[in-house]
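J.: Pasting the sequence and the predicted model now:
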Amino acid sequence: MKPKIAPVQLPLMAAILITLLAALWAGLIRVGWQWPALQPLLPSLHGPLMISGFLGTLISLERAVAIKRPWTYLGPVLGGVGAVWLVVGLPLPVGQWLLFLASVGLTAVFTHIIRQHAANYTVTMGLGAICWLVGNALWLSGWPIFRLVYWWAGFLVLTIVGERLELSRVARPTRTTIRLFTVAVTLFMVGLFAVLVWGSDGTQIIGAGLIALALWLAVFDIARRTVRRPGLTRFIAVNLLLGYVWLLVGGIAALALGQAIAGPLYDFMLHAIFVGFVFGMIFAHAPIILPSILPIQVRFHPILYGPTIFLHLALLLRALGDVGGWQPVRAWGGLLNAVAILWFLGQMVYLAATAKRSHM
C-alpha cells in the first residue's frame, strides 16, 4: 500500500530539483567555466540558491512530512516558490522575502518540536533553524554574503550534528560526552555572533567551534561502530566519516584564514564545509530520506560508492587548485563535483526504478 502524500510534495520536489540544477550551473560559472547564465544574477545567487533554496526547502519539507500537520508545509512552499522565483530572474527582494519567511516557518516548526520534546538534540536543531533565519534576515538587510555565510553554514552544521546527537542515544552517551558537545556548539555560536562584530576574530572562533564539533563527531558518533556492518549501514557510516574529515579541514581553514571576502582560499574553506561535509551527509542519508518524502523505495547497491568516492576525489582536486592557485585545476574540480552529484542523483533514480520493478 502506497503511503499518502500531501498534494504539495511532488511539486516541491520538482522545485527543489530545479533549484539544485540551477545552483550547480551558477557555481560552475563562478568557478570559471564560460557558460551562458540563465539570467544575469544567477552566478551571484549560487550560494543562496544552494543553501536557502535547495537545502532549506528540502529540510523544511522533510520536517513537514515527519510532523504531518498542514501548517508545517507553509515554510517549504514559500521556500520552493522563492527559490524558483530567483532561478527565473524575477525581482530579487521578493525572492529574498519568500526565503526569509520560509526560515520563519522552519523556526516555528522547531519551536513546536521543542515544546513537544525538549532535548539537547532538538534544541541544537532548533538553533540551526534560527541560524537560517538570521542568515536570511542579514541577506535581506543587505549584508554581504562573505559576512553572513557562516550563519547559513550554522544552519546546516547544527541541523546535522543535532541529528547525529539524537542517533547517538543508542550508544548511551555519558554526561561528559554531552557536556563536550554543548561546549563545542556554544563555541561555534559565540563565533557566529562575533563574526558580525569583529570579522576575522569571529571567523577564527567559528573555525575553533567547527574543529571541536568535527572531533566530537569523530570520537563519539556511532558511525565508528556501524562502519563495520555491511550494506547500507556501512555506506552511511563511510559517508559520515569522510564528511567529518572535511568539517575538520574547513574548521582548520577558518581558524587559519580568518575573515576573507573572496578568493581561492575562501573558496576552499567554504566548499570543504558545504560540499565535503554537507553533501557527504546528503549522500549518506538520501536512501532513507527520499522514501520518506516521496512514494518510492530505494534499494541499496554498492554502485553508490562510485559517486561518493568521485565526489571526495573531485573536492580534493578542487582544494589543491585553490591552495596552489591553479585555476584550471580548481575549475575542473568544481565541474567534477557537479558530475558526482548528478551521477548520484541518476543512480538514486535507477535504484528506485529497479526497486519498484523487483516488488511488482
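T.: Received the coordinates, thanks.
J.: Which parts of the stretch 101-250 of the chain are strands?
T.: Remark: no strands are assigned in the stretch 101-250 of the chain by DSSP state E, counting those that start in this stretch.
J.: So which residues of it form helices?
T.: With DSSP state H, counting those that start in this stretch as the criterion, the stretch 101-250 of the chain has helices at 120-140, 145-167, 175-198, 200-220, 223-226, 231-257.
J.: got JSON lines for those helices, with mean neighbour count, mean pLDDT and distance to Thr354 too?
T.: Heads up, the C-betas are built off the backbone N, CA and C, glycines and all. Listed next are the helices of the stretch 101-250 of the chain as JSON lines, based on neighbours: other CB atoms under 10 Å; pLDDT from 0 to 100; distance: least, CB to CB, whole Å:
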{"stretch": "helix 120-140", "mean neighbour count": "22", "mean pLDDT": "96", "distance to Thr354": "34"}
{"stretch": "helix 145-167", "mean neighbour count": "23", "mean pLDDT": "93", "distance to Thr354": "28"}
{"stretch": "helix 175-198", "mean neighbour count": "17", "mean pLDDT": "93", "distance to Thr354": "40"}
{"stretch": "helix 200-220", "mean neighbour count": "21", "mean pLDDT": "92", "distance to Thr354": "33"}
{"stretch": "helix 223-226", "mean neighbour count": "18", "mean pLDDT": "86", "distance to Thr354": "25"}
{"stretch": "helix 231-257", "mean neighbour count": "21", "mean pLDDT": "94", "distance to Thr354": "15"}
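J.: Columns distance to Leu99 on top of those helices, output as TSV?
T.: TSV is the format used below for these (distance: least, CB to CB, whole Å):
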stretch	distance to Leu99
helix 120-140	6
helix 145-167	11
helix 175-198	19
helix 200-220	22
helix 223-226	32
helix 231-257	24
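J.: and of these, who's closest to Ala64?
T.: Taking CB to CB, helix 120-140 is the member of the helices of the stretch 101-250 of the chain nearest to Ala64, at 12.9 Å.
J.: other SSEs contacting the closest one?
T.: helix 92-116, helix 145-167, helix 175-198 (3 or more CB pairs under 8 Å, 6 or more residues apart in numbering; DSSP states H and E).
J.: got the CA coordinates for it in PDB?
T.: Listed next in PDB are the C-alpha coordinates belonging to helix 120-140 (Å, rounded to 0.1, in the frame of the first residue of the first chain):
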ATOM      1  CA  ASN A 120      19.700  18.600  23.600                       C
ATOM      2  CA  TYR A 121      19.300  17.400  20.000                       C
ATOM      3  CA  THR A 122      16.000  19.200  19.400                       C
ATOM      4  CA  VAL A 123      17.400  22.400  20.800                       C
ATOM      5  CA  THR A 124      20.500  22.100  18.700                       C
ATOM      6  CA  MET A 125      18.500  21.600  15.500                       C
ATOM      7  CA  GLY A 126      16.300  24.500  16.600                       C
ATOM      8  CA  LEU A 127      19.400  26.700  16.900                       C
ATOM      9  CA  GLY A 128      20.200  25.600  13.300                       C
ATOM     10  CA  ALA A 129      16.800  26.900  12.100                       C
ATOM     11  CA  ILE A 130      17.400  30.200  13.900                       C
ATOM     12  CA  CYS A 131      20.800  30.400  12.100                       C
ATOM     13  CA  TRP A 132      19.000  30.100   8.800                       C
ATOM     14  CA  LEU A 133      16.500  32.700   9.900                       C
ATOM     15  CA  VAL A 134      19.300  35.100  11.000                       C
ATOM     16  CA  GLY A 135      21.300  34.500   7.800                       C
ATOM     17  CA  ASN A 136      18.300  35.200   5.600                       C
ATOM     18  CA  ALA A 137      17.500  38.300   7.600                       C
ATOM     19  CA  LEU A 138      21.000  39.600   7.100                       C
ATOM     20  CA  TRP A 139      20.800  38.900   3.400                       C
ATOM     21  CA  LEU A 140      17.500  40.700   3.200                       C
END
